[in-house]
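A.B. asks: Pasted the sequence and its predicted model underneath.
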Amino acid sequence: MNTTLRPVEASDDLFLFQIFISSRPDLDWITGIDEASRARLLRQQFFAEEQGNADAERYIVLLKGAPIGRLYMREDASSIHIRNLALLPEYRNQGIGSRLLRSMMERAVEARKPVRFSVMWFNGAARALYERLAFRVVQDTGVCCEMEWHPPLA
């Protein structure tokens with residue numbers, strides 16, 4: 001399966017919200033409020049996350065031209081930081097995320113920089129994927145763990 005990336009466009013908002021909801025099972029823990037209040041809260045959380053990534057390179061992951069995920073990343077002088085990598089549930093566990101991460105790792109080898117990101121502790125499937133690709137936990141922030149991969153020394 002060959003995936004491509006394209007920059008996020010204003011018309012992607014609904015799709016990005018769908019990805020946000022599908023990749024945040026912790027939001028299902030919000031109970032005790034009416035549906036309208038819950039919907040407002042979810043939109044606020046989505047907006048806050050998008051604003052927090054305003055300085056990132058933001059891409060839609062495409063498979064055969066159809067949107068299936070998002071990749072937000074930022075490269076600075078010292079590292080490549082993956083801010084968010086999420087796929088629709090029906091496209092997970094098919095090697096797509098691994099291929100996207102490996103492409104970031106190849107970019108890191110060329111740039112001689114580590115790849116870094118945060119993952120929520122409850123996301124065991126994602127942590128297992130990152131560990132299979134030789135990412136290591138470098139910091140525990142309580143809710144998230146900071147993970148990092150360093151390119152081999154030349």
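C.D. replies: Structure's in. What do you need? These numbers were taken from a predicted model, which means no experiment stands behind them.

A.B. asks: contacts, neighbours, all on C-alpha from now
C.D. replies: Noted.

A.B. asks: Tell me the first helix or strand C-terminal of the worst-scoring helix or strand of the chain on mean pLDDT.
C.D. replies: Within the chain, judged by mean pLDDT, DSSP states H and E, the helix or strand with the poorest mean is helix 35-52; its value is a mean of 86. Moving toward the C-terminus from helix 35-52, the next helix or strand (DSSP states H and E) is strand 57-63.

A.B. asks: Name the residues of the helix or strand following that next one that are buried.
C.D. replies: Using DSSP H and E, the helix or strand that follows strand 57-63 towards the C-terminus is strand 66-75. Of the residues in strand 66-75, 67-73, 75 count as buried by neighbour count, 16 or more other C-alpha atoms under 10 Å.

A.B. asks: where along the protein do the helices fall?
C.D. replies: 13-22, 35-52, 96-111, 124-132 (DSSP state H).

A.B. asks: Count the residues that sit near the residue lying closest to Pro152 once chain neighbours are set aside.
C.D. replies: Distances taken as C-alpha to C-alpha, 6 or more residues apart in numbering place Val109 nearest to Pro152, at 7.5 Å, with adjacent residues excluded. A count of nearby residues for Val109, using other C-alpha atoms under 10 Å, gives 17.

A.B. asks: Run a quick check on Val109 versus Trp149, I expect a contact.
C.D. replies: No. Counting by C-alpha atoms under 8 Å, Val109 stays clear of Trp149, with 10.3 Å between them.

A.B. asks: Now do stretch 145-152: distance to the chain's middle.
C.D. replies: Relative to the chain's own centre, stretch 145-152 is displaced by 15 Å; criterion: C-alpha atoms, centre = their mean, to the nearest Å.

A.B. asks: can you list contacts of that stretch?
C.D. replies: 105, 108-109, 112-121, 134-140 (C-alpha atoms under 8 Å, 6 or more residues apart in numbering).
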